[in-house]
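Enquirer: next comes the sequence, and after it the predicted model I'd like to discuss.
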Amino acid sequence: MATGTDVYYDGSRIFTWVSDLSGLPLDQVNFLVSQFLALGLASLFRSVLHPSTTSPATRHAFGLVLGLAFGYFCFGMQAIHLAGLPALCYIVMRTQDPHVMQRMVLAVALVYLSCIHLHRQIYDYGSYTLDITGPLMVITQKVTSLAFSLHDGLTREDKDLTANQKYHVVRKMPTALEYFSYMFHFQALMCGPVIFYRDYMDFIYGRNFLAHAQPTANGLDKNSNSRKVVLEPSPCLVVFKKVVCSLLCALVFIKLIPSFPITRVKEPEFVSEESLVSKMLYLTVATSLVRFKYYHAWLLADAMCNASSLGFSGYNLDGSARWDLISNVDVLKFELGLSLRDSIEQWNKGTTRWLRMVVYERAPRFKTVLTYALSAVWHGFYPGYYLTFASGAMFTFAARAVRRSIRHYFLGSRTRKIFYDTLTFLTTRIVMAYITFPFILLEFWPCILLYWHMYLWLHVLGILAMFLLPLIFPPGKKMVIANGVAAGKLD
């Protein structure tokens, strides 16, 4: 067992023997034990705790008690923060004016989370040991999204809300049981995905299936007031697929990551002696392998939610059920994205929805800047995070400039369009590796040194794309005609 990595870890030591036998750090063993236990227990929500036979209070209590138990098992006395942050925010919700309450909750949650981030950064710098910051980040998303939904429900009219705000609006202050059950329910406590209050309450009361019900054999319309039978699709197949994919991702990560450690990019011989091509190839492989750790955790969490009937979002055109309402990642769409924007939209999708809900749709000015700022503070204070966010913003603007300036030249034929898509696919993979390795490495000066020895080549190209390319190739404005058919207007 790797004892050096778990000195700061305060979780249960019951499975130390498993850690010794497997060679996995104790925090990872406890995480896996809790997740697979949760996966098995989640199915009880569809059987003995089905909403047709069980009261909402019982379903609330079941999720709450197990969430607290898993939190203490994995984090020990650190789990007190799981109660501390939402308790303070609940007091603010109950006592403050609804017109300003949501901003006060956001401030309290971010200050509390930031203190925990800084404590971890000071006393356990750069460690990847499982700690309380992960669940607290998810709880911060939950408590702030609920606060803004309450603000909308208590102070604004429907006509003043966007479609997204109407969907999430909350008209009544949650009871203590509803509130803390929402914060601590075990399916998504450890690593998300973030579940919004409206979706959680629909799950508790069984409304998630009614909202997307298909017409049944009795011929009644789903909006009819007559009694009807609603068939609930089984999540077993999608749960099985996600668990298998999660285990495969874990296997890939465990077997291959030791051969491509990200720390190698700090070694003097790598920085000074490797060619630019070799450095980029290594960064591409190393950062790609690190993503498999996130795929493993997120797919397993998705499977737990689906096993309890959380995440149902309706039916496809072929009649098959969709289970992607609260999914955190679409692996294939992320890895095969043809642009940086397309890939980013498929990564940590719950956080993207949260940022849009609490900042982007509400800020009167500087929407993008404020959204990136909140995302940065929410993640913590490691310098590498800010290097990644700053570069990501720049390359998002650069990619937009390239698309507007030259894409229309490739739409005249299928061959040219395939060539353009292939080029943007490869470019996205390179850019992704170039801008995300600081997020993994965390440290400032090693990242700057490596960028300098790579001549800041992509940063230079990105700046040229933003400012010079539009002058050379003015953005297209005309309709593209291919084989006599109008293809549509350009951006």
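Expert: Arrived safely, thanks for sending.

Enquirer: could you list the domains of the chain?
Expert: 3-215+253-381, 382-491 (automatic domain parsing).

Enquirer: would you mind giving the ones you listed as JSON lines with mean neighbour count added?
Expert: For glycine as for every other residue, the C-beta is placed from the backbone atoms N, C-alpha and C. As requested, the domains of the chain are exported to JSON lines (neighbours: other C-beta atoms under 10 Å):
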{"stretch": "domain 3-215+253-381", "mean neighbour count": "18"}
{"stretch": "domain 382-491", "mean neighbour count": "16"}
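
Enquirer: so which of those domains comes closest to residue 237?
Expert: domain 3-215+253-381 (9.0 Å; C-beta to C-beta).

Enquirer: now do the closest one, average pLDDT.
Expert: When pLDDT is averaged over domain 3-215+253-381, the result is 91.

Enquirer: nearest spatial neighbour of the residue nearest the centre of the chain, skipping sequence neighbours?
Expert: Of all residues in the chain, the one closest to the mean position by C-alpha atoms, centre = their mean is residue 348, 2.1 Å from it. Sequence neighbours aside, residue 328 is the residue nearest to residue 348 in space, at 5.9 Å (criterion: C-beta to C-beta, 6 or more residues apart in numbering).

Enquirer: next: residue 57.
Expert: residue 177 (6.4 Å).

Enquirer: again, but for residue 10
Expert: Nearest to residue 10 is residue 76, by C-beta to C-beta, 6+ apart, at 3.5 Å.

Enquirer: mind listing what the one you found touches?
Expert: By C-beta atoms under 8 Å, 6 or more residues apart in numbering, the contact set of residue 76 is 10-12.

Enquirer: change it to 10 Å
Expert: 9-13, 132 (C-beta atoms under 10 Å, 6 or more residues apart in numbering).

Enquirer: hmm, residue 62 and the residue nearest to residue 57 touching each other?
Expert: No - with contact defined as C-beta atoms under 10 Å, residue 177 does not reach residue 62; the gap is 11.5 Å.

Enquirer: what does the host helix or strand of residue 374 contact?
Expert: Secondary-structure assignment from DSSP states H and E places residue 374 in helix 367-379. The list of residues contacting helix 367-379 from outside it, by C-beta under 10 Å, 6+ apart, reads 106, 109-111, 113-114, 117, 133, 137, 140-141, 144, 348, 351-352, 354-356, 358-364, 366, 385-386, 388-390, 392-393, 396-397, 439.

Enquirer: same question, stretch 313-325
Expert: For stretch 313-325, contacts defined as C-beta under 10 Å, 6+ apart pick out 193, 195-196, 199, 202-203, 208-209, 211-214, 231-235, 237-239, 241-242, 302-303, 305-306, 309-312, 326-327, 330, 349.

Enquirer: which SSE is residue 172 in?
Expert: Counting by DSSP H and E, residue 172 is part of no helix or strand.

Enquirer: tell me how far it lies from residue 86.
Expert: Distance, residue 172 to residue 86, by C-beta to C-beta, to the nearest Å: 18 Å.

Enquirer: now do residue 380
Expert: 19 Å.

Enquirer: do the same with residue 458
Expert: 41 Å.

Enquirer: residue 16 now?
Expert: Residue 16 sits 31 Å away from residue 86, going by C-beta to C-beta.

Enquirer: same deal with residue 103?
Expert: Residue 103 is 17 Å from residue 86, by C-beta to C-beta.

Enquirer: could you pull out the helices in the stretch 201-350 of the chain for me?
Expert: When secondary structure is read from DSSP state H, counting those that start in this stretch, the stretch 201-350 of the chain shows helices at 207-210, 236-256, 268-273, 276-307, 331-335, 340-345, 349-355.

Enquirer: my read: the residue nearest to the centre of the chain touches residue 298, true?
Expert: Yes - between residue 348 and residue 298 there is a contact under C-beta under 10 Å: 8.1 Å.

Enquirer: who touches both of the two?
Expert: In contact with both residue 348 and residue 298: 192-193, 328-329, using C-beta under 10 Å, 6+ apart.

Enquirer: make TSV out of those and add distance to residue 44.
Expert: Putting the shared contacts of residue 348 and residue 298 into TSV (distance: C-beta to C-beta, whole Å) gives the following:
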residue	distance to residue 44
192	21
193	20
328	23
329	26
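
Enquirer: thought residue 99 was touching residue 152?
Expert: No - in this structure, residue 99 is not within contact of residue 152 by C-beta under 10 Å, at 11.2 Å.

Enquirer: what angle separates the one helix or strand residue 403 maps to from helix 367-379?
Expert: Assigned by DSSP H and E, residue 403 belongs to helix 383-406. Counting by axes from the mean of the first three to the mean of the last three C-alpha atoms, to 10 degrees, helix 383-406 lies at 150 degrees to helix 367-379.

Enquirer: following helix 383-406, which helix or strand shows up next?
Expert: Taking DSSP H and E, what comes next after helix 383-406 is helix 414-441.

Enquirer: next one: that next one to chain centre, how far?
Expert: Centroid displacement of helix 414-441 relative to its chain, using C-alpha atoms, centre = their mean, to the nearest Å, is 21 Å.

Enquirer: following that helix, which helix or strand comes up?
Expert: helix 444-453.

Enquirer: what's the mean pLDDT across that next one?
Expert: 96.

Enquirer: other SSEs contacting the next helix or strand after it?
Expert: Downstream of helix 444-453, the first helix or strand assigned by DSSP H and E is helix 457-467. Other elements packing on helix 457-467 under the criterion 3 or more C-beta pairs under 10 Å, 6 or more residues apart in numbering; DSSP states H and E are helix 276-307, helix 383-406, helix 414-441, helix 444-453.

Enquirer: still on that earlier bit, out of the helices of the stretch 201-350 of the chain, the one nearest residue 449 is which?
Expert: Judged by C-beta to C-beta, the one of the helices of the stretch 201-350 of the chain that comes nearest to residue 449 is helix 268-273, at 6.0 Å.

Enquirer: give me the contact list for the closest one.
Expert: Residues contacting helix 268-273 (C-beta under 10 Å, 6+ apart): 263-265, 267, 278-279, 282, 446, 449-450, 452-454.

Enquirer: from these, pick the one nearest residue 293.
Expert: residue 263 (15.2 Å).

Enquirer: now do the same contact list for the closest one.
Expert: So residue 263 contacts 126, 270, 286, 440-441, 443, 446 (C-beta under 10 Å, 6+ apart).

Enquirer: and the residues you listed, which two are the farthest apart?
Expert: 126 and 270 (18.4 Å).

Enquirer: thinking again about what came up before, among the helices of the stretch 201-350 of the chain, which is nearest residue 51?
Expert: Here helix 207-210 is closest among these (C-beta to C-beta), at 8.5 Å.

Enquirer: what helices or strands is the closest one leaning on?
Expert: Using 3+ C-beta pairs under 10 Å, 6+ apart: helix 207-210 touches helix 197-205.

Enquirer: how near is the closest residue to residue 449 other than its chain neighbours to residue 443?
Expert: In space, and not counting its chain neighbours, residue 449 is closest to residue 271: 6.0 Å by C-beta to C-beta, 6+ apart. Using C-beta to C-beta, one obtains 13 Å as the distance from residue 271 to residue 443.

Enquirer: identify the contacts common to the two.
Expert: The contact lists of residue 271 and residue 443 share residue 449, where a contact means C-beta under 10 Å, 6+ apart.

Enquirer: and the gap between residue 263 and residue 197?
Expert: Counting by C-beta to C-beta - residue 263 and residue 197 are separated by 41 Å.

Enquirer: likewise residue 306?
Expert: 19 Å.

Enquirer: repeat for residue 50
Expert: From residue 50 over to residue 197 the distance is 21 Å, taken as C-beta to C-beta.
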